[in-house]
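**Q** Sharing a model that was predicted from the sequence below.
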Amino acid sequence: GEDVEQSLFLSVREGDSSVINCTYTDSSSTYLYWYKQEPGAGLQLLTYIFSNMDMKQDQRLTVLLNKKDKHLSLRIADTQTGDSAIYFCAERSGGFKTIFGAGTRLFVKA
Amino acid sequence: KAGVTQTPRYLIKTRGQQVTLSCSPISGHRSVSWYQQTPGQGLQFLFEYFSETQRNKGNFPGRFSGRQFSNSRSEMNVSTLELGDSALYLCASSLGTSGNEQYFGPGTRLTVT
């Protein structure tokens, strides 16, 4: 069935780059998303990539998609303490459902 | 443009009661999806509505239901509440169902005692 997996925790130092990884199973995925959730808040769409793209850059964010391996990554350059949050990877499946990973909690150490 | 709004933000109910949650999408958005977020299960898809029709449904019991009105506002209802229904219920709106990006509301935190 459809599944999205992410590592649960990532800790980086302020100023370093963060790379959050995600794998998915549905080969008919059309869109892949990255969301950010801060404590007590809803999900904020950070960026998304169409399944026919390999890379998308948006300011400090770079998304890489390896469709063959069904692997998606989010790189945050110059990570700041304000980037501490939970990051969710999600795929829009061929059945038009959006399936979310469990989220990666990013800790940024000053 | 105003974002997605959800009411109420917090709710406390007792087992056996029922609850109705409301979601107003971004103006012009016709699709509304509902998700349940719990620490144990993460984000789980409940259902999606587009133009007043349910387009997709997740794997939840029939106690969970929803509807969408002609103005795209949506409600979800949970009947015969159980302790395990305690969760953050998130609503998301998008222009359509073809994969347009979804914008989430702040959620309704439901506590069942």
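**A** Ah, there it is. Numbers count the residues shown, from 1 in each chain, chains lettered A, B, ... in the order given.

**Q** How about the residues of chain A by chain B?
**A** A:30-31, A:33, A:35, A:41-45, A:48, A:88, A:92, A:95-103 (Cβ under 8 Å from any Cβ of the partner chain). The C-beta positions use only the backbone N, C-alpha and C, and glycine is treated the same way.

**Q** and A:T62, how many neighbours?
**A** Neighbours of A:T62 under the rule other Cβ atoms under 10 Å in any protein chain shown: 17.

**Q** the helices in chain B, which residues?
**A** Under the criterion DSSP state H, chain B carries no helices.

**Q** need the residues of it near chain A, please.
**A** Neighbours of chain A within chain B, by Cβ under 8 Å from any Cβ: B:4, B:33, B:35, B:42-43, B:45, B:48, B:55-56, B:58, B:90, B:92, B:97-99, B:101-107.

**Q** switch to 6 Å and redo it
**A** B:G42, B:L43, B:F45, B:N56, B:L90, B:T97, B:G99, B:E101, B:F104, B:G105, B:P106, B:G107 (Cβ under 6 Å from any Cβ of the partner chain).

**Q** who touches the fifth one in this structure?
**A** With contacts defined as Cβ atoms under 6 Å, 6 or more residues apart in numbering or on different chains, the neighbours of B:L90 are A:G42, B:Y35, B:Q37, B:F104, B:G107.

**Q** So what touches the helix or strand of chain A with the lowest mean pLDDT?
**A** When the helices and strands of chain A are scored by mean pLDDT, DSSP states H and E, strand A:98-100 comes last with a mean of 86. Contact partners of strand A:98-100, identified using Cβ under 6 Å, 6+ apart, comprise A:E2, A:V4, A:F88, A:A90, A:E91, A:R92, A:S93, B:L43.

**Q** Give me the buried entries from the residues you listed.
**A** Restricting the contacts of strand A:98-100 to buried positions leaves A:E2, A:V4, A:F88, A:A90, A:E91, A:R92, A:S93, B:L43, with burial counted as 16 or more other Cβ atoms under 10 Å in any protein chain shown.

**Q** Paired strands for the least confident helix or strand of chain A, with orientation please.
**A** Strand pairing for strand A:98-100, using DSSP bridges, gives strand A:85-92 (antiparallel).

**Q** Low-confidence ranges, chain A, go.
**A** Within chain A, the ranges that satisfy pLDDT under 70 run A:1-2, A:94-96.

**Q** To what extent is residue 58 buried, counted in neighbours?
**A** Unless you meant another one, I'm taking chain A. Counted with other Cβ under 10 Å, A:D58 comes out at 12.

**Q** I was after chain B.
**A** A count of neighbours around B:G58, defined by other Cβ under 10 Å, yields 16.

**Q** need the contact list for it.
**A** Neighbouring residues of B:G58 by Cβ under 6 Å, 6+ apart: B:F45, B:L46.

**Q** How much space separates it from A:R60?
**A** Distance of B:G58 to A:R60, given as Cβ to Cβ, to the nearest Å: 33 Å.

**Q** any idea which residue sits dead centre in chain B?
**A** Among the residues of chain B, the one closest to the centroid is B:W34, at 3.3 Å (Cα atoms, centre = their mean).

**Q** so what's it bridging to?
**A** On the basis of DSSP bridges, B:W34 is bridged to B:F47, B:C91.

**Q** That one and B:E48 touch, don't they?
**A** No: B:W34 is beyond contact range of B:E48, at 7.7 Å (criterion: Cβ atoms under 6 Å).

**Q** Whichever of the residues of chain A next to chain B end up buried, select them in ChimeraX.
**A** Buried residues among those (16+ other Cβ under 10 Å), as a ChimeraX selection:
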select /A:31,33,35,42,43,45,48,88,92,96,97,98,99,100,101,102,103
